Structure formats: C-alpha cells, structure tokens
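**Q** Generate a structure from the sequence data that follows.
(2 chains)
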Amino acid sequence: MSTTTNIARRAVLIAFLLLLPSVVWGQSPSRTVILSTTTSTQDSGLLDVLVPLFEKTTGYTVKTISVGTGQALALAARGEADVTLCHAPALEKKYLSEGKMQDRRLVMYNDFVIVGPEADPAKIRGDRSVVDAMKKIAAAEARFVSRGDKSGTHILEGTLWTQADVTPAAPWYIESGQGMGATLSIANDRQAYTLSDRATLLALSKRVDLKAMVEGDKLLLNIYSVMEVNPANGPKVNAAGGKAFAAFMLAPETQAVIKSFGVDKYGQPLFVPIAGKKDEDF
Amino acid sequence: MDVLLEGVRQALGLLLGGDREILGVLWLSLQVSGAATLIALLLGIPAGAVLALTQFPGRTLVVSAVNTGMGLPPVVVGLFVTILLWRSGPLGGWEILYTPAAIILAQAVIAAPIVTGITLAAVQNVPAKFRLQLIALGASRLQMVWVTLREARLPMLAAVMAGFGGVISEIGASLMVGGNIKGQTRTLTTAMVLETGKGNFEIAIALSILLLVLVFGINWALTVIQQRRPA
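**A** This next block holds a predicted model:
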C-alpha cells in the first residue's frame, strides 16, 4: 500500500517540477505577425499549409487568430493584429475608407452555395438567381439557418435578404450563432436551407445530406483579400511583418499552392488564386 | 454509433502511435493547466487560511465573493483577460496575448477562488479547540497555522483536484486568450472544438477520450495519496 502511495506522491511531485520551467513563452515581438482571419480559411486547412511555408521563408512567427470576419476586422482596427485575410468586400472597403486598413489586394476566391433538403419545400432547386431563391424561401416560410455571427458569410446573407426585400423572422428563420461547420450540421438536422461556402460544404459532405440548390450566381462569389493594418491604429503594430505576409499571399509560389490545395482530398481545388485581379474583373 | 467506435479506435491509434501533434497538444494542456493550478495553490491556500482563521469587518462579504468566484464563468475571465492583455490594454506591455502564458494567467484566475474556497472550508473543519490547544502548548501563530494546514491537508487535496479538473476541461478562456494557434496554444479542448467544426468527429472523440484519461489518471494519483491508510 505504502509503495503505491510513494510512487503516486513522487509522480505528482515530479510532474509539478517539470511543469514550470518548460512552459514556452512568447517569441520576440518584432518577429511575430498576428494574422486576423476568418474561420473558413482555418477550417478548410489552407492556413495549416501556408503559414508554415511563410514562417520558413521569412523567419517570422505567425499567430493566426481565426474568428468571424466582423471580429477579425474590429481587432485589426484596434491595432491588435498586423494583417487580415477576410471575405467581406463591402465591410473591408468601409475600413479602408476610414483609414484603419491599407492596401487591399485580392488573393483568391471560391463560391457560396445555397443548400437545402432533398424535399426542397421552397422549390428553388436549379434557380439561376439567388435573390429569387431567397424570395421563394421567405414566401414559403421554409426553414433557413443563419450564422448570425457577423461573419463574412452572414454579412453576404444579409445583403441577399436586403436585395430580395425580405426581413427574415422566426420561427422559420433560425440563428445558430456558430461557425459554418456547426451551422451546416444544424441545418441538416432541421432539414433547413442555409448559405455555405463551398470549402466547408465539401469538408462536411460526409456528414451532411443537404443538396446544393442554387449555385453559380455572380452574387455568390466569395472573394478573399489581404489588407495591412494601419500602424497608427495602435502602438505595437508590426507593419513590416504585416506587409511581408500580404506579399507572401500574392507571390506566384503561394498562388500555385492555393491552386492545388484540396485536390488530393476532394478531387477538386477549394480556392481559385486571383492575385493581381481587381473587383471590377468579377 | 459507428462514429463513437471509430473515435475510440482512433484515440488508441493516436496514443499508441505517438502522433506528435496530438502528444504536443496533450503536453501543452498538461503544462498550462498544471502551472495554473500551482499558481492558484500558491495564492489560494494562504488566502483561504487567512479567511478561515481571522475575523474582520466585511469578512462575510469576502467569503461570499470567494464562493461566487468558485463558479466564475471561464468565458467571462477570458474576455476580461483578453482586454487587459491587448496591445492597447493596461498589460499590453507584457506582450503575452495568444501565448501559453496568457492561458496560464486566465486559468489561474479561474482556479484561485476554487482553491481558496475549498481551503477555507477544510481549515474551518479543523476544530477550534485543536488550535487553542496548540497555542496553549506554546506554538507561535505561524506554527499554529502551519500545523492546522497540515491537519487539513487531506481535504485540501480536493482543492487540487477541483482546481486542475476545472481548468484543464475549460474552453472559453483558453480559446479567447490563446487563440487556438496550431503548435503554440492549441490545447485539448480548443483542438476538440476545431476538429468538430471541421467535421472530424472521430478525432474530436479521440481527443475527449485522451482528456478523460488524463484527468482520471491525475485524480487517481491524488486519491491514492488522500485515501491511504495511516502507516
């Protein structure tokens, strides 16, 4: 009995002694870049490929904070980040015009899809116009799950409702308040429609029976761009690091990686690289 | 059900196969929550002992505050610690936001009231006559406190278990102040949320099994100490 006790006691003691000194502290700040970005870039696994590449070529350490686009830009505007990778053009331009962000450049795009249950209660399958489809969903009062989190996806959804001249409301309108993965799962469970980016939809295709109903409308383009944080936003903005990351995202080698990303796993690329293009090109 | 079985299978595979990323996450969680518990003990035991052994105006108010603190929502702690540690915040000069140090700080804030509250209860359970006797035998005040704490050490192990169990399974604060950065601040719980979001339910289940095994192992070791029979 007492041997067990002694071993256990020693184990606890040793565990505690090991803990303190070996904890890793933050790297030297000027070599650290804080990237404020959206959940879709993280959930798709793209950043897990790109960030190590950037760290290797430049020597910077990246701290990726992946949150909704709304929060990502709000943090950047406070100078809590150095560079952003977001997908909400209207909101991005607002921050640009306020001078909080600088030098917005397009990086890549994929597209959004309206997905829904096989039964298709609002009869929108194959519609060419996403705005018409939103009108029909509202008219049929068919269940629709919204992210409700000010993410890029949620902001686009709001724009679509406005264009359809509809104010969505409970009980058919459900706000999940969660990321894309969780929202798709809820929509699947409730046999509801929802708006999803294609990368997350592909990633969850094993678990979700919802079918793509409306796709290909120009309004459903999902354009990602990088912006640098204005150093005036806060005392510790790493402007050089932010600039380096933005340049890295646009470099031909990186764009080539983006172009092939996802092909091995899904049989099709998840993003299309578009460095050098302008909004007017779409 | 298939998902659950597959999760168990993957958990075994990840553990036995020594998957470096998973082991890194496991090790970081252990380090961070262990350090946070240690800090909470260093703060909470003296605070609990002082509260148990002294009388002062407003003591009931302080004790109520400690009891409330035992149920402090981690997400509230996460929010306030984040704001304090922002580059523009009062502690921004430390530059520890999105590092393990920030998670340790937040978790220590969560665990400290738990340790304080349980120490307070444990010390109060040592009969007052015992303390009087110590003084009568010529013990100094400090010696009295030390012997009383020794007497209460077994119930106080519950403070270690509750504190550690609370912080290692906590998610709200770790996610906010750590940022769930791969290879830097990704802990067992934040990795679980990420993998669930990605639809990798098997890996999420595997991680939860690891977390349960870890917490069980540590509680088992502490329970062996607590429950041993006098030699």
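**Q** lowest average confidence, helix or strand, in chain B?
**A** Using mean pLDDT, DSSP states H and E, helix B:2-16 stands out as the lowest-scoring helix or strand of chain B, at a mean of 79.
**Q** list the buried ones in that one?
**A** B:Gly7, B:Gln10, B:Ala11, B:Leu14, B:Leu15 (16 or more other Cβ atoms under 10 Å in any protein chain shown). (Glycine included, C-beta is placed from N, CA and C.)
**Q** With stretch B:50-68 instead?
**A** B:Val50, B:Leu51, B:Ala52, B:Leu53, B:Val63, B:Val66.
**Q** For my notes, confirm the first one occurs in a helix.
**A** I take that to be B:Val50. Yes: under DSSP: H, G, I helix; E, B strand; the rest coil, B:Val50 falls within a helix.
**Q** And it, how far from chain A?
**A** 24 Å (Cβ to the nearest Cβ, to the nearest Å).
**Q** Please report the distance of that residue from A:Ile223.
**A** 60 Å (Cβ to Cβ, to the nearest Å).
**Q** The third one now?
**A** Counting by Cβ to Cβ, the separation of B:Ala52 from A:Ile223 is 62 Å.
**Q** Helices of chain B, residue ranges please.
**A** B:2-16, B:20-53, B:59-69, B:74-85, B:100-124, B:128-136, B:141-151, B:153-168, B:172-173, B:188-197, B:201-227 (DSSP state H).
**Q** Let's have these in TSV, adding distance to A:Ile65.
**A** Converted to TSV, the helices of chain B look like this (distance: least, Cβ to Cβ, whole Å):
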stretch	distance to A:Ile65
helix B:2-16	26
helix B:20-53	18
helix B:59-69	28
helix B:74-85	11
helix B:100-124	12
helix B:128-136	52
helix B:141-151	43
helix B:153-168	22
helix B:172-173	15
helix B:188-197	12
helix B:201-227	21
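**Q** which secondary structure element contains A:Leu195?
**A** Using DSSP states H and E, A:Leu195 sits within strand A:193-197.
**Q** Give the pairing partners of that strand; include direction for each.
**A** Here strand A:193-197 is paired, per DSSP bridges, with strand A:101-116 (antiparallel), strand A:144-146 (parallel).
**Q** Would you point out the helix or strand in chain A whose mean pLDDT is lowest?
**A** helix A:2-22 (a mean of 60).
**Q** which is the next helix or strand following it?
**A** Where DSSP H and E defines the elements, the next helix or strand beyond helix A:2-22 is strand A:32-37.
**Q** so what strands line up beside that next one?
**A** For strand A:32-37, pairing defined by DSSP bridges yields strand A:61-66 (parallel), strand A:83-86 (parallel).
**Q** for the chain, which spans come out with low pLDDT?
**A** Just going to use chain A. In the predicted model of chain A, residues A:1-29 satisfy pLDDT under 70.
**Q** nope, chain B please
**A** B:1, B:229-231.
**Q** For it, which residues are neighbours of chain A?
**A** Residues of chain B lying close to chain A (Cβ under 8 Å from any Cβ of the partner chain) are B:30-32, B:34-35, B:38, B:86-88, B:92, B:95-101, B:104, B:179-182, B:184, B:194, B:196-199, B:201, B:218, B:220-222, B:224-225, B:228-229, B:231.
**Q** try it again with 6 Å
**A** Selection of chain B residues close to chain A by Cβ under 6 Å from any Cβ of the partner chain yields B:31, B:34-35, B:86-88, B:95-96, B:98-101, B:179, B:181, B:197-199, B:221, B:224-225, B:228, B:231.
**Q** Any of those buried? List them.
**A** For the residues of chain B next to chain A, buried by 16+ other Cβ under 10 Å: B:31, B:34-35, B:86-87, B:95-96, B:98-101, B:179, B:181, B:197-199, B:221, B:224-225, B:228.
**Q** quick one: what helix or strand has A:Ala142 in it?
**A** Going by DSSP H and E, A:Ala142 is not part of any helix or strand.
**Q** Let me know which of the strands paired with strand A:32-37 is tucked in deepest.
**A** Sort the strands paired with strand A:32-37 by mean neighbour count, taking mean count of other Cβ atoms under 10 Å in any protein chain shown, and strand A:83-86 sits at the top with a mean of 28.
**Q** For the helix or strand that comes right after that one, give me every contacting residue.
**A** Using DSSP H and E, the helix or strand that follows strand A:83-86 towards the C-terminus is helix A:89-97. Among residues not part of helix A:89-97, those counted as contacts by Cβ atoms under 6 Å, 6 or more residues apart in numbering or on different chains are A:Leu73, A:Cys86, A:Met101, A:Arg104, A:Ile155, A:Ile223.
**Q** Of all the residues in helix A:89-97, which ones are buried?
**A** A:Pro89, A:Leu91, A:Glu92, A:Tyr95.
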